[in-house]
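Novice: Below is the sequence, then the predicted model.
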Amino acid sequence: MIDGLFKTELDRLWDHVGRSVARTGVGPNAVTVAAFALSAGNSLLLLLHRNLFAFGLALVFTELLDSVDGAVARATGRASRFGSYLDAITDRYKEVFSLLAVAYVTRYWLVGSLAVTGSLLVSYGHARAAMEGAGGAPTGRWPDIFERFERVATLCAGLILSPLLPPRAFFGRDFLYLALWLLAVLSHVTALQRAFRSGHALRRLEADARREG
């Protein structure tokens with residue numbers, strides 16, 4: 001939602017960073033791969049050190065780096081379909097790695113699994129609608145409420161703030177548990193929101209095709 005509402009302002013901010021990185025000769029796909037490698041390594045290290053606070057801080061850094069590849073592509077004029085595809089695929093893997101690593105360390109398997117499936121369904125719903133010809137379905141008055149930015153921000157907030165708050169202040173659980181449930185529920189709500197919007201757009205396309213036929 002935040003990315004959709006403030007995309008122009010956010011792109012303008014990241015473009016300054018992108019131009020600086022572009023001057024080093026590093027390409028956008030290299031930035032994408034580097035962000036993926038750092039994120040995957042961060043998830044693997046969590047299994048060893050089990051420090052959720054440190055993992056959260058590192059996750060903030062890797063996700064900020066993830067925003068640079070698009071800015072470098074715009075600065076160098078090297079935006080490509082493959083680059084967009086690579087970015088989308090690595091983003092999905094990064095979310096899965098992060099959430100599964102957190103679920104493994106905390107043993108919050110149920111909510112962790114719901115968060116993973118919700119995140120993937122949000123992306124799949126958009127991709128499938130595009131395949132059927134409804135990729136440009138209008139968002140209407142209500143933009144998608146829990147896209148990738150919100151999901152990552154919620155996870156990072158849970159990881160960083162949880163050690164600083166009372167351990168059982170939220171229904172006998174820590175703040176991370178609450179953040180994961182928020183992420184899981186709102187991800188599925190967003191997936192259903194996209195499904196409803198795409199279904200409406202596809203029915204309209206079919207009706208238009210019948211009239212033209």
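Specialist: Okay, I see it. This one's a predicted model, so the numbers in the text were calculated from it and none came from an experiment.
Novice: Can you list the low-confidence ranges for this structure?
Specialist: Low-confidence segments of the chain (pLDDT under 70): 1-18, 20-22, 135-142, 213.
Novice: middle-most residue in it, spatially?
Specialist: Among the residues of the chain, the one closest to the centroid is Arg148, at 2.5 Å (C-alpha atoms, centre = their mean).
Novice: Tell me the buried residues in the lengthiest helix in the chain?
Specialist: Counting residues, the longest helix in the chain under DSSP state H turns out to be helix 175-212. Neighbour-count burial for helix 175-212, with 16 or more other C-beta atoms under 10 Å as criterion, is recorded at 175-184, 186-188, 190-191, 193-195, 197-198, 201. The way it works is simple: take the backbone N, C-alpha and C, and place the C-beta from them, glycine included.
Novice: Check stretch 99-119 too.
Specialist: Residues of stretch 99-119 classed as buried: 99-103, 105-106, 108, 111-112, 114-119 (neighbour count, 16+ other C-beta under 10 Å).
Novice: if we can go back for a sec, which strands and helices lie in contact with the longest helix of the chain?
Specialist: Helix 175-212 is packed against helix 81-106, helix 109-131, helix 148-161, with contacts defined by 3 or more C-beta pairs under 8 Å, 6 or more residues apart in numbering; DSSP states H and E.
Novice: Need the ones you listed in TSV (columns: distance to Leu38).
Specialist: Formatted as TSV, the helices and strands packed on helix 175-212 follow (distance: least, C-beta to C-beta, whole Å):
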stretch	distance to Leu38
helix 81-106	9
helix 109-131	19
helix 148-161	14
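Novice: And these: which comes nearest Phe61?
Specialist: Each of the helices and strands packed on helix 175-212 has some distance to Phe61 by C-beta to C-beta; the shortest is helix 148-161, at 10.1 Å.
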